[in-house]
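Enquirer: After the sequence you'll find the predicted model.
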Amino acid sequence: MTLLQPNSLRIEKQRPRLALTLGDPAGIGPEVILKALGQIEFAQNYDVTVVGSKNQLMTTYEKLSQHCSENFANPEELKILDIEIKDTITTGIGDAASGAASFAYMQAAIARTKMGEFDAIVTGPIAKSAWKAAGYNYPGQTELLAKLAGVTRYGMLFVARSPQTNWTLRTLLATTHIPLRQVAYALTPELLASKLDLLVECLQQDFGLERPRIAIAGLNPHSGESGQLGREEQDWLIPWLEKERCDRPHVQLDGPIPPDTMWVKPSQAWYGTIDSKRAADGYLALYHDQGLIPVKQLAFDRAVNTSIGLPFVRTSPDHGTAFDIAGKGIADATSMIAAIQLAVELVRKRISLGSLRVSNPQSLTLDS
């Protein structure tokens, strides 16, 4: 890794450089990207390159021109890193061909970012089943990003800003794409310490919160109710948390909070029924649905998936490929707009702090 030093000329004059991958070309990724770039001012504020198939973008543009009244960008006016698609892509059908295409877009974006061409990657949604059909066995884009970036310490942080109050919800998942029955075995003090490290660093460096307050969920109903409803809290989670409080005097750690009540204050802060200062700066959920059900309930159309721990910024809209509505011109671009805006915000913050990092160029070797 090489560290880019703070530079006033770069901070003031160089626009953040974003790579936007199409995601699965059979899904709504091309549509929400064209809509997002048609609804936000980017020419003067940041440099955008769309990574994907120009032909697919033109096809999407033609469909939008016939059926959509929203503003959307013309691919002829965009910078496009054109990745050739050899096989036929059928809109609305995710298969091996679309999976191979979306994987190729990601591979190209990551390689160019590692060579220093981009500061951030904003990824369109992919279908894991299509990746598998194409022979790529990764749980998701986050895991691929981590592998190709050469990091083993990373996390999935979901960020959403309330349109009512402007309060920001930040939720990190301790475990991600694993079956529910495996969660209790995957959770360990070492894993939680690693995730907490990431969350504290992110809140301090990317969001400027020097003394953050973090709420940590329990695993069992009522956080185990003194061992009556599960032993994990009593056996190791509470002792681990007490040690972390001693080791991190500049961080307020609340918990373990019963999962059914942990989301009350963030919901109230989101809608403005309490002072947002009463809510935490970050929330650590122990498994996928424990964190993402409340996030999507509050902010389904504007949450952003942010990969933390990488040497570059990566954001993504928090929705899937929506094959059922692909090509119909009705996809909502709000989350894609939020993903682009957050990527720009994080890049600018890292530039100002001198903490924007890029990897040295190196060849990529992928395992199927």
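Expert: Thanks, I have the structure now.
Enquirer: In the protein, what residue spans correspond to strands?
Expert: If DSSP state E is used as the criterion, the strands of the chain fall at 2-3, 17-21, 47-52, 79-82, 120-123, 155-161, 168-173, 213-217, 252-257, 282-285, 304-308, 313-317, 357-358.
Enquirer: Can you list the neighbours in contact with the second one?
Expert: Yep, that's strand 17-21 we're talking about. Under the criterion CB atoms under 8 Å, 6 or more residues apart in numbering, residues 29, 33, 37, 46-52, 81, 102, 105-106, 109, 112-113, 117-124, 340, 343-344, 347 lie in contact with strand 17-21. Just so you know, the C-beta spots here come from the backbone N, C-alpha and C atoms, and that holds for glycine as well.
Enquirer: Ok, the fourth one next?
Expert: When contacts are defined by CB under 8 Å, 6+ apart, strand 79-82 is touched by residues 19, 47-54, 57, 108-109, 112.
Enquirer: Name every strand pairing with that strand and say which way it goes.
Expert: Strand pairing for strand 79-82, using DSSP bridges, gives strand 47-52 (parallel).
Enquirer: Now do the strand it pairs with against strand 17-21, angle only.
Expert: 20 degrees (axes from the mean of the first three to the mean of the last three CA atoms, to 10 degrees).
Enquirer: Tell me the buried residues in strand 47-52?
Expert: Buried residues in strand 47-52, counted by 16 or more other CB atoms under 10 Å: 48-52.
Enquirer: Need those residues in JSON lines (columns: distance to residue 306).
Expert: Formatted as JSON lines, those follow (distance: CB to CB, whole Å):
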{"residue": "48", "distance to residue 306": "18"}
{"residue": "49", "distance to residue 306": "20"}
{"residue": "50", "distance to residue 306": "20"}
{"residue": "51", "distance to residue 306": "19"}
{"residue": "52", "distance to residue 306": "21"}
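Enquirer: Among these, pick out the one closest to residue 97, please.
Expert: residue 52 (13.8 Å; CB to CB).
Enquirer: For residue 282, see how far away the closest one is.
Expert: 33 Å (CB to CB, to the nearest Å).
Enquirer: Next: residue 152.
Expert: Applying CB to CB, the value for residue 152 to residue 282 is 22 Å.
Enquirer: Compare the two and say which is more crowded by neighbours.
Expert: Between residue 152 and residue 282, residue 282 has the larger neighbour count (other CB atoms under 10 Å), namely 24 against 9.
Enquirer: Would you confirm that the more buried one contacts residue 204?
Expert: No: assessed by CB atoms under 8 Å, residue 282 is found out of contact with residue 204, at 10.5 Å.
Enquirer: Any chance of JSON lines for the buried residues of strand 47-52, columns pLDDT?
Expert: Formatted as JSON lines, the buried residues of strand 47-52 follow (pLDDT from 0 to 100):
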{"residue": "48", "pLDDT": "95"}
{"residue": "49", "pLDDT": "97"}
{"residue": "50", "pLDDT": "98"}
{"residue": "51", "pLDDT": "98"}
{"residue": "52", "pLDDT": "97"}
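Enquirer: quick one: which of the residues you listed is nearest residue 268?
Expert: Scanning the buried residues of strand 47-52 for proximity to residue 268, where the rule is CB to CB, the winner is residue 48, at 36.5 Å.
Enquirer: Now do stretch 210-220: distance from first to last residue.
Expert: Using CA to CA, to the nearest Å, the end-to-end distance of stretch 210-220 comes out at 31 Å.
Enquirer: Give the buried residues for that stretch.
Expert: 212-220.
Enquirer: again with stretch 133-142
Expert: Buried residues in stretch 133-142 (16+ other CB under 10 Å): 133-134, 136, 138, 141-142.
Enquirer: Quickly note the distance from the residue of the chain most remote from its centre to residue 238.
Expert: When distances are taken from the C-alpha mean of the chain, residue 228 lies farthest, 36.3 Å away, according to CA atoms, centre = their mean. Using CB to CB, residue 228 is found at 14 Å from residue 238.
Enquirer: One more: residue 206?
Expert: Distance of residue 206 to residue 238, given as CB to CB: 29 Å.
Enquirer: Repeat that for residue 16.
Expert: From residue 16 across to residue 238, the span is 42 Å (CB to CB).
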